[in-house]
Structures are given as C-alpha cells and as structure tokens.
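**Student:** sequence and computational prediction follow.
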Amino acid sequence: MPDKNTQKNIPQHVGIIIDGNRRWARERNLPTFEGHRKGYDKVKQCPEWFFSRGVKILSFYAFSAENWNRAPAEVNYLMKLLEEAVADGLREIARKNNYQVLISGRLEDLPGDLPAKCLEVMAETKNNHRGIINVCLNYGGRPEIVDAVRKLLKNKVEVEQVHEGMIKKYLYQADLPDPDIIVRTSGEQRLSGFMTWQSVYSELFFMKKYWPDFEESDAEIILREYEGRKRNFGK
C-alpha cells in the first residue's frame, strides 16, 4: 500500500488505550464478549492505518493488571481471545506485513501456554522492520516501575548509578521511544496506568467513540490533531 501521509509532523510512536468494548456491546443488546471480539478485529486492522501514514510504533493497552478483577467468565474469555491474537491473528498480520510484535507486561503471570506463545511471536518477528506493534498485556505502569527497581536491586546497581536513563534501561521495552501521543477511546479522560514512566511528555487525545467503532478516518484525525500540537518539553 502506498504511503498515504502528506503531513510534516508525524508521531513516531502512538499509544492507544482501547476502551469501550463492553459499552459498545451493551448499547446494542449484545453479549459483552461480542464487544471484545469486535475490538480484537479493530486491533488487527489498525496497524496498517497508522504505518501507511508514517507512524513507526503502535502500542495497544490490551489488558491491564487491574482487569483480573473483572468477572471470571469475562477474564477467561479475554485470555482465550488474547491467546488467539498472539498465536494466530497478530502473528499472521506480522508475517504478511513485515511487522515486529512486542508483548509488554508481566507475562510470566499469564495462564497456560500464553507466556510461551508471547515469547514465540516476539522471537519470530524480531527482524521485521516495517512497523512495531507493542501489545501491553497484564500491564500496569506502576508494576513496570516496580519491576525495573527490582531488576536494579538484583543487579546490585550502585546508588550513584541510578538515574533516569538507568531506570529506563530496565523497563519492559527499553529500546522504544516514549509515545508522542496517547489516545483513549470511549470518552474516558485518564491514562489508567498506561506507560506511567513514558507518558510524562506525551500529547493526550480523548475520543468519545468506542473502540469497536474506530475507523481508518480516526487514524487520520489523530495524526492531524498531533500535527497541530506544539511540544515544548518544559522549555
């Protein structure tokens, strides 16, 4: 697909908090599971909408560390859906489109074969270079910082060596640049623990529509919104 982008100011890294699946389903008198399934379909479509316009990295907040508190039936369904996404859906679009897939979070706490499948898809796609899909799974911004501090202590890093760059080195995806813009769908206006360390200078954009209603035109709206922002980074 040819590059659709005609903008001068393109975000390198876009973060998306995918929210509103359940409300989308309820408003249509559908089971909650149908909302999650529709949301998963959008996750598969979305990367091309951004990468074809010049974005290099797309991070999805797919399942937070707090989501375990949902009803067991919903959590079980989400785990099966996420396993399908990692083992089949994301793997297929990554292979077809030369995308790299990263999975960020406490993977070791995921059930069954899911941790192994996460590692497999990351290994299989590590040399792909057309775009990076970073899926935040069993993720929380505070737990990420806690895990980084634990690694610092385990590696016996001296007090004098601890600085922002050192902490970043121990985050889940240390090589990724911070998100330039973070988008949340569904009308909620909070980050809910998404990239707590990395988001300090990210532009924020909140959309009222639910994630299952997200379309290619919305990717264009986000990029146009970013183009009009002036980032000073405290200067």
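**Tutor:** Received the coordinates, thanks. All values reported here derive from a predicted model rather than from experimental measurement.

**Student:** pull the helix or strand hosting L58 out as CSV, backbone CA atoms only.
**Tutor:** Taking DSSP states H and E as the criterion, L58 maps to strand 57-64. Extracted C-alpha coordinates of strand 57-64, given in CSV (Å, rounded to 0.1, in the frame of the first residue of the first chain):
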residue,chain,number,x,y,z
ILE,A,57,5.4,2.2,16.6
LEU,A,58,1.8,1.4,17.8
SER,A,59,1.3,0.5,21.4
PHE,A,60,-2.1,-1.0,22.5
TYR,A,61,-3.2,-1.2,26.1
ALA,A,62,-5.0,-4.5,25.7
PHE,A,63,-5.3,-6.0,29.3
SER,A,64,-4.3,-4.2,32.4
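
**Student:** show residues contacting the helix or strand following it.
**Tutor:** Proceeding N to C from strand 57-64, the next assigned helix or strand is helix 72-84, under DSSP H and E. If you take Cβ atoms under 8 Å, 6 or more residues apart in numbering as the criterion, helix 72-84 is touched by 32-33, 36-37, 40, 62-63, 67-68, 70, 110-114, 117, 137. C-betas here are computed from N, CA, C, even on glycine.

**Student:** list the buried residues in stretch 105-115.
**Tutor:** By 16 or more other Cβ atoms under 10 Å, the buried positions in stretch 105-115 come out as 105-107, 110, 114-115.

**Student:** what's the distance between N134 and M122?
**Tutor:** 10 Å (Cβ to Cβ, to the nearest Å).

**Student:** any shared contact partners between those two?
**Tutor:** Common neighbours of N134 and M122 (Cβ under 8 Å, 6+ apart) are 102-103.

**Student:** ok, those two, which is more surrounded?
**Tutor:** N134 (24 against 17; other Cβ atoms under 10 Å).

**Student:** you'd agree that one is up against L102?
**Tutor:** Yes: counting by Cβ atoms under 8 Å, L102 is a contact partner of N134 at 4.4 Å.

**Student:** give me the common contacts of those two.
**Tutor:** Common neighbours of N134 and L102 (Cβ under 8 Å, 6+ apart) are 173, 176.

**Student:** point out where the chain drops to low pLDDT.
**Tutor:** Where the chain drops to pLDDT under 70, the residues are 1-7.
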